[in-house]
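Chemist: starting from these lines, generate the structure:
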Amino acid sequence: MTSSTFSPPTTGLAHVAVDAAGDLAAAPPTVAPPVAAARDLSIDDLAARILSGDRSTLARAITLVESKKPEHQAKARALVQALLPHTGRALRVGITGVPGVGKSTTIDQLGTNLSAAGHKVAVLAVDPSSTRTGGSILGDKTRMARLAIDRNAFIRPSPSSGTLGGVAAKTRETMLLCEAAGFDVVLVETVGVGQSETTVAGMVDFFLVLMLPGAGDELQGIKKGVLEIADMIAVNKSDGDNATRARRAASEYRAALNIMAAKSVSWTPPVVLISGLANQGLDAMWEQVVTHRAKLTATGEFAERRRVQQVSWMWSMLEERLMQSLRHDARVARRLGELESGVRDGTVSASVAVDEIAGALGI
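Modeler: Reported below is the predicted structural model:
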C-alpha cells in the first residue's frame, strides 16, 4: 500500500509529534510540562494543551467529558465550545459488524496504513458496558496491538453505560476533542449489536458495514435498517479458502442493496472484498471513503449532512438533560419508584403513570 493511496486531506492542522498508546501515554518532552488533572486546569489551559497535541491532556479532557458530576459536565461543555472553531476538519468513519467479523483486526490494519501515509488516526470504540455493574470491557488496546504503539494513533474506548443517549453525547464530544488535537481521521467502532449502528451512523460522514462470507446465511440475519444506513459493505476474511464464498456473498449483498432506496442521490453503496488480517483490499476500500467525501462535497450534501447531524446532536443532548432533570426533580422523585413498581406489577397503566408525572411537573 503506497502513500499516494492515502494522501492526507488538507486540514490546516499541525501534525505534531505524539507519544504512544492513547491515554496511557506520557506527554512528549517537547510539549508543556506534566499536566495536572483536567479539573484543576482552566478552560484556556486545557484548550491550549489539546491544540498543541498533548495526548495526556486530551485523555484527561475526555475523562472530563465522560464524568457524570455536574461540575465536570459544565467544564466539559465550556471546553468543547472553546475548541469548536478547531473542529470539523477530520473524516469521520463509523465501522460496524457482528461480533467475530473482524472489526478490531481491520481497524488495526487500516489505521496502521493510514498512519504510514501521514494521517493521524483516532479510534473511538463504543464499548459495551456491563448491564449489572456499569463497568466496560475496555479491551481495545489489546485488540489493536499495532495502533496501540503507533505514535500517530490514539485509541479511546467509550463506555456506553448501557444507554444510546450516552453514546451520542459522549462519543460526539470526544470526537470533537480529537479533531481539535489534530487527528484528521476518526474511526468510530460500534459494538455491532442493538441500535448502536443507527446511533453511530448519525454522527459520522461514512458508515462502513463489515460482513462475513456465506451470504446465504448472513442475509437471513441482516437487519434491513443496517443496510439502509450503510455507505459501503466490505466482505471481510475473503482471502484463501474463503475467496469463492466471499465473491458469492458480495454478489448477494449487491443484489440486496439494489432493491433498496439509496440514502443519497450522489452515492451508490459499493460492496468490496477485503481481508483485514492479510491487509488485502484495504487501500481500495479507503479510496471509496475518499471518493464518497469528494462526491458529496461537490453537491453540497456533505456539509448539509453535517449540519443536520449537529442539530440532531443538540436534540439528543437536550433529551438526555431533560431526563436527568426529571429523575432528580423533587416534585416527582418520591413517586417515581412507586409508579414504576405499579407499572411493572400491572396495577397502574403506563399512560396513567405518565399523566401523574407530567402533572407534577406542570406540563
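Chemist: confirm for me that residue 87 is in contact with residue 180.
Modeler: Yes. Residue 87 lies in contact with residue 180 (Cβ atoms under 8 Å); the separation is 5.4 Å. Quick note: C-beta positions are derived from backbone N, CA and C, even for glycine.
Chemist: neighbour count for those two, which is higher?
Modeler: Comparing residue 87 with residue 180 by other Cβ atoms under 10 Å, the one with more neighbours is residue 180, at 26 against 16.
Chemist: pretty sure that one is in contact with residue 53, am I right?
Modeler: No. In this structure, residue 180 is not within contact of residue 53 by Cβ under 8 Å, at 9.8 Å.
Chemist: would you mark the buried spots in the host helix or strand of residue 351?
Modeler: Following DSSP states H and E, one finds residue 351 within helix 350-361. Neighbour-count burial for helix 350-361 flags 353, 356-357, 360 (criterion: 16 or more other Cβ atoms under 10 Å).
Chemist: where do the helices of the stretch 1-150 of the chain begin and end?
Modeler: Secondary structure of the stretch 1-150 of the chain by DSSP state H, counting those that start in this stretch: the helices cover 43-51, 55-66, 70-83, 103-116, 140-143, 145-148.
Chemist: and the last one, what does it pack against?
Modeler: Spelled out, that is helix 145-148. Helix 145-148 is packed against helix 103-116, strand 153-159, with contacts defined by 3 or more Cβ pairs under 8 Å, 6 or more residues apart in numbering; DSSP states H and E.
Chemist: so where's the stretch 51-200 of the chain uncertain?
Modeler: Screening the stretch 51-200 of the chain residue by residue with the criterion pLDDT under 70, one finds the ranges 127-142, 158-169, 192-195.
Chemist: geometric centre of the protein: which residue is closest?
Modeler: The residue lying closest to the centre of the chain (Cα atoms, centre = their mean) is residue 188, at 3.1 Å.
Chemist: how about the contacts made by it?
Modeler: Neighbouring residues of residue 188 by Cβ atoms under 8 Å, 6 or more residues apart in numbering: 92-95, 124-126, 171, 175, 200, 203-204.
Chemist: got TSV for the residues you listed, with distance to residue 247 too?
Modeler: Putting the contacts of residue 188 into TSV (distance: Cβ to Cβ, whole Å) gives the following:
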residue	distance to residue 247
92	30
93	25
94	26
95	22
124	32
125	30
126	31
171	35
175	35
200	28
203	33
204	28
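Chemist: and those, which is closest to residue 71?
Modeler: Taking Cβ to Cβ as the measure, residue 71 lies nearest residue 171 of these, at 21.7 Å.
Chemist: and the closest one, how far from residue 272?
Modeler: 26 Å (Cβ to Cβ, to the nearest Å).
Chemist: who has more neighbours out of those two?
Modeler: Per other Cβ under 10 Å, whichever of residue 171 and residue 272 has more neighbours is residue 171, with 26 against 18.
Chemist: thought the more buried one was touching residue 124?
Modeler: Yes. If you go by Cβ under 8 Å, residue 171 and residue 124 touch, sitting 5.7 Å apart.
Chemist: between the helices and strands packed on helix 145-148, which one is nearest to residue 315?
Modeler: Closest to residue 315 of the helices and strands packed on helix 145-148 is strand 153-159 (Cβ to Cβ; 20.2 Å).
Chemist: which strands and helices sit next to that closest one?
Modeler: Packed against strand 153-159 by the contact rule (3+ Cβ pairs under 8 Å, 6+ apart) you find helix 55-66, helix 103-116, strand 121-127, helix 140-143, helix 145-148, helix 164-180.
Chemist: let me know the average pLDDT across the helix holding residue 351.
Modeler: Averaging pLDDT along helix 350-361 yields 89.
Chemist: next, the buried residues of the longest helix seen in the chain.
Modeler: Counting by DSSP state H, the longest helix found in the chain is helix 301-328. Within helix 301-328, the residues scored as buried using 16+ other Cβ under 10 Å are 302, 305, 309, 313, 316-317, 320, 326.
Chemist: again, but for stretch 325-339
Modeler: Judged by neighbour count using 16+ other Cβ under 10 Å, the buried positions of stretch 325-339 are 326, 332, 336, 339.
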